[in-house]
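>>> Dropping a prediction and its sequence here:
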Protein chains: 2
Amino acid sequence: MVQQRLLEIAIREFGAKGLEGASTRGIASAAGTAMSSITYHYGGKEGLYLATADYIASQMEDVADGIALRPDELPDDPAAARQAIHFILSRLLAKLSGERSAEWALFIVREQMNPTEAFDRIYAGPMGRMAKALVELVCVATGARDRQAARLAVITLFGQVLVIRAARATCARVIERDLDDPALIEELGRRIAANTDAILDRMTAERQEP
Amino acid sequence: MVQQRLLEIAIREFGAKGLEGASTRGIASAAGTAMSSITYHYGGKEGLYLATADYIASQMEDVADGIALRPDELPDDPAAARQAIHFILSRLLAKLSGERSAEWALFIVREQMNPTEAFDRIYAGPMGRMAKALVELVCVATGARDRQAARLAVITLFGQVLVIRAARATCARVIERDLDDPALIEELGRRIAANTDAILDRMTAERQEP
DNA sequence: GTCTATACTACGATAGAC
DNA sequence: GTCTATCGTAGTATAGAC
């Protein structure tokens, strides 16, 4: 399918060079088609850019696959909530450390720092649902009274996982090992899980004596 | 100074569009000079790109300013080491949450995911020294026997801070408040400090019963 | 040291053949 | 639905005026 090939290449090109920097000619020729097919299918460069964001959002569905994210599905006892947090974070780590995430990571990070309509489309998908679910789960797991504390905790928990992708070269130098080694990622996952438990324990304690 | 103006604009342009995507004409005209002055001063586009990396590294000196990073200057008792970790992380948070870091952040993140010689130059500066120092400090603070555990912890600690820049739009949506608000950043700093203590405590405990 | 002038390649959009 | 052809604009590099 021409359209699918165009979108796959577009993720890489827009990720590497941005909306302005990327060239429709380059994308089209890499996809083995004529430039004018972008005009035909997406109306132009901006149209392809937004379609790429939608495509990324749809690709993220499998990260959330099998995870209960709907507010009414979330557990209401602390232990189960904590387990759900561990599950989501380990799923995210598997995704972010995988080779394939490298392709759309730069696209998303660019939108994170300089959001356009494309970010709205990405966040409207599994990403936003996962973020909302994590806040709820942290509230349940720690019995937090104010949501604000849970929100701050969620972004620090997420940061622990994000770093393997967003600061990949630094991680490689600090750890001095091949980041593609599954054993290393598993080790990092255990570290993150232990950190998460330590953080949630402390937040539970904070609740008693603030 | 023409060269300084050129470098400031180059950070933004290369950050937004990468080496290929950015245009020397665009950089030169935004800096109010002719394109050929880039050829004169830096030999061409690649030369300017590497000079931009050096410039970023030099700009990072003030993040490390006043922080003891030389191996022989590091404290050797756990409490002082822990305090030094807190100090470095809070300094990093102040820098990464500040408006000015937005400019070079994309340049660095791009190099993180797709490292070139430019990353070597950046990492050779304060960034690499800070990473090395953090590993040592975590070892001292927790009495860790193996360095590998300390290395993994350092990248998760760093991730907590990095997230405010690398996933800025997501943070804004999760927290539902203005990320430029200094009070919010202070609140986040307290959360990170508490998390860090919880993590270091747990690592110290892990050492006794592994 | 900074500029203009020039040569050549590549860009996005569009019209029209098939 | 996919292609080629063409338009006007913008890209890098280089040579040379001042």
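Thanks, I have it.
>>> looking at chain A, which helix or strand does the model trust least?
Of all the helices and strands that make up chain A, helix A:61-64 has the lowest average by mean pLDDT, DSSP states H and E, namely a mean of 90.
>>> contacting residues around that one?
Counting by C-beta atoms under 8 Å, 6 or more residues apart in numbering or on different chains, helix A:61-64 makes contact with A:91-92, A:95, A:125-126, A:129-130, all of which sit outside it. C-beta here means a position set from N, CA and C on the backbone, and glycine is covered the same way.
>>> Among these, which one lies nearest to DNA strand D?
Nearest to DNA strand D among the contacts of helix A:61-64, counting by C-beta to the nearest atom of the strand, is A:G125 at 25.7 Å.
>>> Look up the pLDDT of the residue nearest to that closest one when sequence neighbours are not counted for me, please.
Here the nearest residue to A:G125 in space, its sequence neighbours aside, is A:A57; by C-beta to C-beta, 6 or more residues apart in numbering or on different chains that works out to 3.4 Å. In the prediction, the pLDDT value recorded for A:A57 is 97.
>>> give the contact list for A:A57.
A:A57 sits next to A:121-122, A:124-127 when contact means C-beta under 8 Å, 6+ apart.
>>> which among those residues end up buried?
A:121-122, A:125-127 (16 or more other C-beta atoms under 10 Å in any protein chain shown).
>>> Farthest-apart pair in those residues, please.
In terms of C-beta to C-beta, the buried ones among the contacts of A:A57 reach their longest pairwise distance at A:R121 and A:P126, which sit 12.1 Å apart.
>>> Could you list the low-pLDDT ranges of chain A?
Counting by pLDDT under 70, chain A has low-confidence residues at A:209-210.
>>> and the lengthiest helix in chain A, does that touch chain B?
For chain A, the helix reaching the highest residue count under DSSP state H is reported as helix A:182-208. Yes: figure legend: helix A:182-208 in contact with chain B (C-beta under 8 Å from any C-beta of the partner chain); contacting residues A:187-188, A:191-192, A:194-195, A:197-199, A:201-202, A:206.
>>> Those residues of chain A touching DNA strand D, which are they?
Counting by C-beta under 7 Å from any atom of the strand, the residues of chain A lying close to DNA strand D are A:2-3, A:32-37, A:40-41.
>>> Kindly recompute the last result at 10 Å.
When proximity is defined by C-beta under 10 Å from any atom of the strand, chain A lies next to DNA strand D at A:1-3, A:5-6, A:20-21, A:25, A:28-29, A:31-41.
>>> Would you mind listing the buried residues in stretch A:96-113?
Of the residues in stretch A:96-113, A:96-97, A:101-113 count as buried by neighbour count, 16+ other C-beta under 10 Å.
>>> In strands, which of these appear?
Counting by DSSP state E, the buried residues of stretch A:96-113 place none of their members in strands.
>>> So which of the residues you listed reach chain B?
Near chain B, by the rule C-beta under 8 Å from any C-beta, you find A:102, A:105-106, A:109-113 out of the buried residues of stretch A:96-113.
>>> Please tell me how far A:S90 sits from A:G44.
Here the distance between A:S90 and A:G44 works out to 41 Å (C-beta to C-beta, to the nearest Å).
>>> sorry, that was for A:Q83
Noted for A:Q83: a distance of 47 Å to A:G44, by C-beta to C-beta.
>>> buried residues in the helix or strand encompassing A:V163?
Here A:V163 sits within helix A:147-166, counting by DSSP states H and E. By neighbour count on 16+ other C-beta under 10 Å, the buried set for helix A:147-166 is A:148-166.
>>> Please name the nearest non-neighbouring residue to the residue nearest to the spatial centre of chain A.
The central residue of chain A, meaning the one whose C-alpha is nearest the mean C-alpha position (C-alpha atoms, centre = their mean), is A:M127 at 6.2 Å. Once its chain neighbours are removed from consideration, A:M127 has its nearest residue in A:M60; the separation is 6.1 Å (C-beta to C-beta, 6+ apart).
>>> Could you count how many residues lie near the one you found?
Residue crowding around A:M60 was assessed by other C-beta atoms under 10 Å in any protein chain shown; the count is 20.
>>> Against chain B, how distant is it?
The spacing between A:M60 and chain B, counted by C-beta to the nearest C-beta, to the nearest Å, is 13 Å.
>>> Might you report the residue contacts of that residue?
For A:M60, the contact set (C-beta under 8 Å, 6+ apart) comprises A:122, A:125-127.
>>> leaving aside the residues next to it on the chain, what's closest to the residue in chain A positioned nearest to chain B?
Distance from chain B to each residue of chain A (C-beta to the nearest C-beta) is smallest for A:G21, at 2.3 Å. Nearest non-adjacent residue to A:G21, counting by C-beta to C-beta, 6+ apart: B:G21, 2.3 Å away.
>>> for the one you found, what are its contacts?
If a contact means C-beta under 8 Å, 6+ apart, then B:G21 has A:16-18, A:20-22 as its contacts.
>>> Distance to A:V140 and secondary structure added to those residues, as JSON lines?
Converted to JSON lines, those look like this (distance: C-beta to C-beta, whole Å; DSSP: H, G, I helix; E, B strand; the rest coil):
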{"residue": "A:A16", "distance to A:V140": "41", "secondary structure": "helix"}
{"residue": "A:K17", "distance to A:V140": "43", "secondary structure": "helix"}
{"residue": "A:G18", "distance to A:V140": "40", "secondary structure": "helix"}
{"residue": "A:E20", "distance to A:V140": "44", "secondary structure": "helix"}
{"residue": "A:G21", "distance to A:V140": "44", "secondary structure": "helix"}
{"residue": "A:A22", "distance to A:V140": "43", "secondary structure": "coil"}
